[in-house]
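# Coordinates only, no sequence provided:
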């Protein structure tokens, strides 16, 4: 009986603190969104571990191209299979720190410790010039749920089992 209770408690703990929503990014704007996508442990004051998406080719930072929608990331450890793959993650943590491929046991472990935190990005015109800058995400991670720029607007919200980042042209 003790083993069953202990196992159930452990299982509940994993689900209580595991990555619980799929991140869906919809870029309805005519701008590339270039920046830092972050996941973190939002239930601790230190926020560690903090995990950042590595740059995706051919860009020098994580970039969602203009008009690309339905980019889904169910977890960190499945991010390499998305229509906009994230092949590796940079981890800032004293135990797990460093660059890790998305499908390694380390990322599997970290997936159970973090939630989607924020996307700090610049909306860029076709020449690569920044027109608007946003920090969208959970307030515990330094983000906001809605922001209006000069040429774009963005929103971050969670419904059911999905967290959405949506960016639109404005006005």
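Here it is on my side, so go on. Just so it is clear, the model here is predicted, and its values are computed rather than measured.
# Show the contacting residues for the closest residue to residue 34 other than its chain neighbours.
Leaving aside its sequence neighbours, residue 34 sits nearest to residue 63 (C-beta to C-beta, 6 or more residues apart in numbering; 4.5 Å). For glycine as for every other residue, the C-beta is placed from the backbone atoms N, C-alpha and C. In this structure, residue 63 makes contact with 32, 33, 34, 35, 55, 56, judged by C-beta atoms under 8 Å, 6 or more residues apart in numbering.
# Flag the shaky bits of this structure, pLDDT-wise.
Regions of the chain meeting the criterion pLDDT under 70 cover residues 1-18, 47.
# All the strands of it, in order from the start?
Under the criterion DSSP state E, the chain carries strands at the ranges 22-27, 32-40, 50-53, 62-64, 71-73, 88-92, 98-101, 115-124, 130-137, 146-148, 152-159, 162-169.
# just to revisit the earlier point, ok, so of the contacts of residue 63, who is nearest residue 139?
Among the contacts of residue 63, residue 35 lies closest to residue 139 (C-beta to C-beta), at 17.9 Å.
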